[in-house]
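Chemist: Next come a sequence and a model predicted from it.
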Amino acid sequence: MSRKIVVGFDGSEASRRALDFAVSRAKLQGDSILIVHILEWSPYSFLTPNEIEERHRRRKEELERAENAIITPVLKEIEAQGVQVSAVMKYGHIADTICKIAKTEDAALIIIGRMGNSGLSTRIFGSVAGTLAQIAPVPVTIVP
């Protein structure tokens, strides 16, 4: 039975390592991959209607650029390797949104790359990988 693996992917080296790991696992086990690309977005409730409209336009442009530059090329590459793959792109808090997608898609596993940041801000605010390890509804594999 095919399971779905959710992979957090932003085009970085860390996310590429996570995707490569997911592809190798999917090939061995016959799993499918759902590439998830999340753009961080802060909602502002005090914007004027014109400002909201402008933000919506920029948001749409950002999603189109991400799809063309990051997602489409990697989808073609993974499909060529014989792995069933799809993608979803959303705005939101990265860890929370990945968890929601994993639940909605009935995923069996989340795979994410670790950026390796160990600075003060990461220790205070946490990392996406660390947050996912704590709140995810399914097992999380963090690829170094």
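Modeler: Everything's here; your move.
Chemist: got the contact list for stretch 87-106?
Modeler: Here stretch 87-106 makes contact (C-beta atoms under 8 Å, 6 or more residues apart in numbering) with 4, 6, 8, 34-41, 59, 63, 66-67, 71, 75, 107, 110, 112, 128, 131-132, 135-138. Where you see a C-beta, it was placed from the backbone N, CA and C, and this is true even at glycine.
Chemist: at 6 Å instead, please
Modeler: 4, 6, 8, 34-39, 41, 63, 66, 71, 75, 110, 128, 131-132, 135-138 (C-beta atoms under 6 Å, 6 or more residues apart in numbering).
Chemist: Quick one: end-to-end length of that stretch, please.
Modeler: 15 Å (C-alpha to C-alpha, to the nearest Å).
Chemist: Helices along this structure, start to end?
Modeler: 13-29, 49-66, 72-80, 94-104, 120-125, 128-135 (DSSP state H).
Chemist: that older thread, now, of the contacts of stretch 87-106, which are buried?
Modeler: The neighbour-count test (16 or more other C-beta atoms under 10 Å) marks 4, 6, 8, 34-39, 63, 66, 71, 75, 110, 128, 131-132, 136, 138 as buried among these.
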